[in-house]
Structure formats: structure tokens, C-alpha cells
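Trainee: Next input, structure requested:
(2 chains)
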Amino acid sequence: EAGVTQFPSHSVIEKGQTVTLRCDPISGHDNLYWYRRVMGKEIKFLLHFVKESKQDESGMPNNRFLAERTGGTYSTLKVQPAELEDSGVYFCASSDRASSSYEQYFGPGTRLTVT
Amino acid sequence: RKEVEQDPGPFNVPEGATVAFNCTYSNSASQSFFWYRQDCRKEPKLLMSVYSSGNEDGRFTAQLNRASQYISLLIRDSKLSDSATYLCVVNINDMRFGAGTRLTVKP
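Mentor: A predicted model of the protein is given here:
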């Protein structure tokens, strides 16, 4: 069974540019989560999709971040315009259970560097 | 105060040693608890869930004390392959991560 995949693995952009990260969850997993780890800090929750609906987006830092999951399959996270403090590793995770009390399977992450 | 606090380490131990990691959490409404393992530049992977009664999986033992809001992980007979960062994770409505404790097991 294929795991969670993320693309790209690494992105280097200039401040003010736009970047779109993609996550493909494990097939059949309705629940998809985005997390971020900035340098020296802990991993932080960004948002949670159940199928195509945003269940919880309380962790989204500001309106420069837009997440979508059209059709309830893969998801994108767009940062526009990117700022220096957006640099970090963005993880996607998926689960076949509605509650985050259950195991989440993480993708390898996208390392974003904003210069 | 951080929601989930861990000793950052690093812990450097010889093969065969027993090592214990501690974690405290601030929100008494926390519902479920986990230890994840993260290898360098890799994704976190679930090591084990933590139950109130304590649970064991081979060389790994996890304990939870809800009254003290404290979680622990004990690794016995450390192997070189145990070298990683161990993340304490607490679920409230979403997953809250500790910053991790780095372990290096040396020959």
C-alpha cells in the first residue's frame, strides 16, 4: 500500500512569491491533516479536512495560507505571498478514522525555504 | 508555558542501556496520548499509543499519569537503531507535539 506522498520534497522561493504544496493521502483515507515545523520549534497543526470539507482550520497562521481538497482526494496548500517566517517543513498526514485520537500516517514533508 | 514539554536532550547512551523520557502536558482535557519517532529529515512515525493502565511493546514501555499530567517512555536494551528523536504527542481536538527528545545510542 502506498503511503502519504508530498510534492515537492524541497522548494526554495523568494519572499513575495507563491508556492503550492501538494499532498496525496493514503487511498481511502477521508481525513487529511497539514502540519508545519519551523526551525527549532515543535510540529504545529494547521488544519484538518474530512473529505473535501475543512473540519478544523484553527491552526492556519494567517490568510496568506489557503488549503484546498477538491474532490476529497489530494490536497494543496498555497502560500501567497510567501514571507521569510514561512520557511520550515510542511507535513501532511492522513487517517481513516474521524478522530485524531487514532494513528495518523505522515508524508515525508516538503521543506520550504523562503529567501 | 508550552502545551507539551519534553526534555530536549540529547541523550547519549551505550548499546544495551535503559533510557527514560519524560513529557508533561498542560491541558487536563487532553484525550489521547502517543509517542512518535522521527529519524533525521524523515517524517514522524507512530511508536506507540499510551494508555492509562500503561502499556508495553517489546523493549518499549509507556506510562501515563493523568493526575500529574505526565507521560513517560522507557526503552530497555537500547539498540543502535533506536537513535532518533522521540516526540510526545497529546490529542485535545487536534494533535499537539512536543519539541522532541533526541536519543543517540552508541556502540
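Trainee: which helices and strands sit right next to the helix or strand where B:Glu5 lies?
Mentor: Using DSSP states H and E, B:Glu5 maps to strand B:4-6. When contacts are defined as 3 or more Cβ pairs under 8 Å, 6 or more residues apart in numbering or on different chains; DSSP states H and E, strand B:4-6 packs onto strand B:19-25, strand B:84-91. For glycine as for every other residue, the C-beta is placed from the backbone atoms N, C-alpha and C.
Trainee: For the shortest one, name the packing helices and strands.
Mentor: Taking 3+ Cβ pairs under 8 Å, 6+ apart as the contact definition, the neighbouring helices and strands of strand B:19-25 are strand B:4-6, strand B:11-14, strand B:70-75, strand B:84-91, strand B:101-106.
Trainee: For A:Arg111, find the nearest of these.
Mentor: If you check each of those against A:Arg111 by Cβ to Cβ, strand B:84-91 wins as the nearest, at 16.2 Å.
Trainee: and the helix or strand that the closest one is followed by, what other elements does it pack with?
Mentor: Once the chain leaves strand B:84-91, the next helix or strand it forms, by DSSP H and E, is strand B:95-97. With contacts taken as 3+ Cβ pairs under 8 Å, 6+ apart, strand B:95-97 sits against strand A:31-37, strand A:44-50, strand B:84-91.
Trainee: which one of these lies closest to A:Lys78?
Mentor: Among these, strand A:31-37 comes nearest to A:Lys78, with 11.4 Å by Cβ to Cβ.
Trainee: how many neighbours does B:Asn65 have?
Mentor: As a burial measure, B:Asn65 scores 12 neighbours (other Cβ atoms under 10 Å in any protein chain shown).
Trainee: what's near enough to touch it?
Mentor: B:Asn65 makes contacts with B:Ile71, as judged by Cβ atoms under 8 Å, 6 or more residues apart in numbering or on different chains.
Trainee: next one: A:Leu112
Mentor: Counting by Cβ under 8 Å, 6+ apart, A:Leu112 makes contact with A:His10, A:Ser11, A:Ile13, A:Val19, A:Leu21, A:Val79, A:Ala82, A:Asp86, A:Ser87, A:Gly88, A:Val89, A:Tyr90.
Trainee: Do you know the pLDDT at it?
Mentor: Note on A:Leu112: pLDDT of 98.
Trainee: same deal with B:Gly54?
Mentor: So, for B:Gly54, pLDDT stands at 87.
Trainee: just B:Tyr51 next, same as before
Mentor: So, for B:Tyr51, pLDDT stands at 86.
Trainee: Count the neighbours of the closest residue to it other than its chain neighbours for me.
Mentor: Of all residues not flanking B:Tyr51 in the chain, B:Leu64 sits nearest, at 6.6 Å (Cβ to Cβ, 6 or more residues apart in numbering or on different chains). Neighbour count of B:Leu64, defined by other Cβ under 10 Å: 21.
Trainee: Test my guess that A:Ser75 contacts A:His29.
Mentor: No. If you go by Cβ atoms under 8 Å, A:Ser75 and A:His29 don't touch, sitting 11.1 Å apart.
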